[in-house]
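Enquirer: got a predicted model here, sequence first, then my questions.
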Amino acid sequence: MIELEGIEKTYTRGEVVTRVLQGLSFEVEAGEYVAIMGASGTGKSTLMNILGCLDKPTAGHYRLDGTDMVQLEDEALSELRNHKIGFVFQQFHLLQRTTARKNVLLPLIYAEDYPENAEEMAEAALEMVGLHDRIDYRPNQLSGGQQQRVAIARALITNPAVLLADEPTGNLDRRSGAEVMAIFQQLHADGRTVILVTHDLELAEHAERVIVLEDGQIAEDRPVAKPRDAEHELATLTSVQEVDE
């Protein structure tokens, strides 16, 4: 599904040239669950922006479902991004004065044809993340974990080929983080392609494959022998909470 070949990204300011990504090449198969890991400054956010078609590489090729994204003009790139890629960020990026339902509907507003069944699609997406009873709640009426689940539902409403998650549990407590990771685990089990960007090894090992970046290069690309079970972790945290109460 994804092919990166010789990806480089360089920023130039005056006479200062900064090479952020240096010749990255790897592939992601449809239905894979991949974590891209690295410390701050290793280039993982830059790579995330390229994978999400929010930025273009200085050199190299990025093919998504056989289409070379580097060659597309901005309008075509924007349309393809809206249909093919779902984003989940550390910050939830929800509109504070509108409901969960309307937040989830936002990507469809920018679609070429607004679906007649858009409302039903939003409800189905929210049900998928366990928030069917919170459809008409505003963000300030939801917990942080629930807000992130709204963001996941919003990412899913266009039925994207790839779901990109950038530090999705960074603003959440442990239990809420486990709930979010359990959703990603289920999405992967349902055949979704999930790419998780993180600095946290424990989070990365929920995936079935980890790509480690160092100084803008791939230092390691390895399978995870036994991915962490988010459902089990969530059940354990729930049991501990019940005992404490």
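Expert: Thanks, I have it. Residues are numbered from 1 along each chain as shown.
Enquirer: pretty sure M37 contacts E205?
Expert: No. M37 is beyond contact range of E205, at 9.3 Å (criterion: Cβ atoms under 8 Å). All C-beta atoms are positioned from the backbone trio N, CA, C, and that covers glycine.
Enquirer: more neighbours: those two, which one.
Expert: Neighbour count, other Cβ atoms under 10 Å: between M37 and E205, M37 has more, with 24 against 17.
Enquirer: not counting its neighbours along the chain, what's nearest the more buried one?
Expert: Among residues not flanking M37 along the chain, A204 sits closest, at 4.5 Å (Cβ to Cβ, 6 or more residues apart in numbering).
Enquirer: contact partners for that neighbour?
Expert: 35, 37, 196, 198, 210 (Cβ atoms under 8 Å, 6 or more residues apart in numbering).
Enquirer: cutoff 10 Å now
Expert: 34-38, 196-198, 210-212, 224, 227-228 (Cβ atoms under 10 Å, 6 or more residues apart in numbering).
Enquirer: do T98 as well
Expert: Contacts of T98 (Cβ under 10 Å, 6+ apart): 105-106, 138-139.
Enquirer: filter those down to the buried ones.
Expert: Among these, those scoring as buried are 105, 138-139 (criterion: 16 or more other Cβ atoms under 10 Å).
Enquirer: tell me which of those is nearest to L54?
Expert: Using Cβ to Cβ, L105 comes nearest to L54 of those, at 21.4 Å.
Enquirer: going along the chain, name the helices of the chain.
Expert: 44-51, 74-84, 100-109, 118-128, 144-156, 174-189, 201-204, 230-244 (DSSP state H).
Enquirer: residues touching the nearest residue to T158 once chain neighbours are set aside, list them.
Expert: In space, and not counting its chain neighbours, T158 is closest to P107: 5.1 Å by Cβ to Cβ, 6+ apart. By Cβ under 10 Å, 6+ apart, the contact list for P107 reads 82-83, 86-87, 154-158, 160.
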